[in-house]
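> Build me a structure from this.
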Amino acid sequence: QLQLVESGGGLVQPGGSLRLSCAVSGGTLNDYAIGWFRQAPGKEREGVSRISASGAITKYAASVRGRFTISRDIAKSAVYLQMTSLEPADNGIYYCAADRQSCGSMCLSSGRYDYWGQGTQVTVSS
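Numbering: from 1, shown residues only. Coordinates of the predicted model:
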């Protein structure tokens, strides 16, 4: 059973940066695409970014493109989300999730992901 554990959330001022980590166990990153999602209170879960199982393909939601960067470390079995120029609109619980399938479209749709972490809170506030 694949397990994912997020860390790195916290309180940051607008314009600041955070790096989230997703530790993956019970499987190898080479077999799964990993996505990052977020959910703000009262809102639906939103796909933020994804890195393919090969690591060669990354995708970003329009709202974060140019500010967030997804990466991974195979040796550490971890996926990272570097977030910069944070805004209050980035508030929410951030989740990482694993998808066993490659995607041609709807890559940031939460329904295609099979395994989920418990989430880490990100708060952007002055």
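
> Just give me the residue closest to the centre of this protein.
Nearest to the geometric centre of the chain sits Trp36, at 1.9 Å (C-alpha atoms, centre = their mean).

> Surely it is in contact with Cys96?
Yes: when contacts are counted by C-beta atoms under 8 Å, Trp36 is listed as touching Cys96 (5.6 Å). Using the backbone N, CA and C atoms, a C-beta is placed for each residue, glycine as well.

> For the two, list the residues in contact with both.
Common neighbours of Trp36 and Cys96 (criterion: C-beta atoms under 8 Å, 6 or more residues apart in numbering): Leu20, Cys22, Val79, Leu81.

> possible to save those as TSV with pLDDT and secondary structure?
Shown next, in TSV, are those (pLDDT from 0 to 100; DSSP: H, G, I helix; E, B strand; the rest coil):
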residue	pLDDT	secondary structure
Leu20	98	strand
Cys22	98	strand
Val79	98	strand
Leu81	98	strand
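
> Quick check: the two most widely separated of those?
Within the shared contacts of Trp36 and Cys96, Leu20 and Val79 form the most distant pair, 8.8 Å apart (C-beta to C-beta).

> of these two, who's got more company?
Ranked by neighbour count (other C-beta atoms under 10 Å), Leu20 and Val79 place Val79 first, with 29 against 24.

> Beta-bridge partners for that one, please?
The partner list for Val79 in beta bridges (DSSP bridges) reads Cys22, Arg72.

> Pull the contacting residues for it.
Ser21, Cys22, Val24, Leu29, Ile34, Trp36, Ile51, Ile70, Ser71, Arg72, Asp73, Cys96.

> Separate out the buried members of the residues you listed.
If you count burial by 16 or more other C-beta atoms under 10 Å, the buried members of those come out as Ser21, Cys22, Val24, Leu29, Ile34, Trp36, Ile51, Ile70, Arg72, Cys96.
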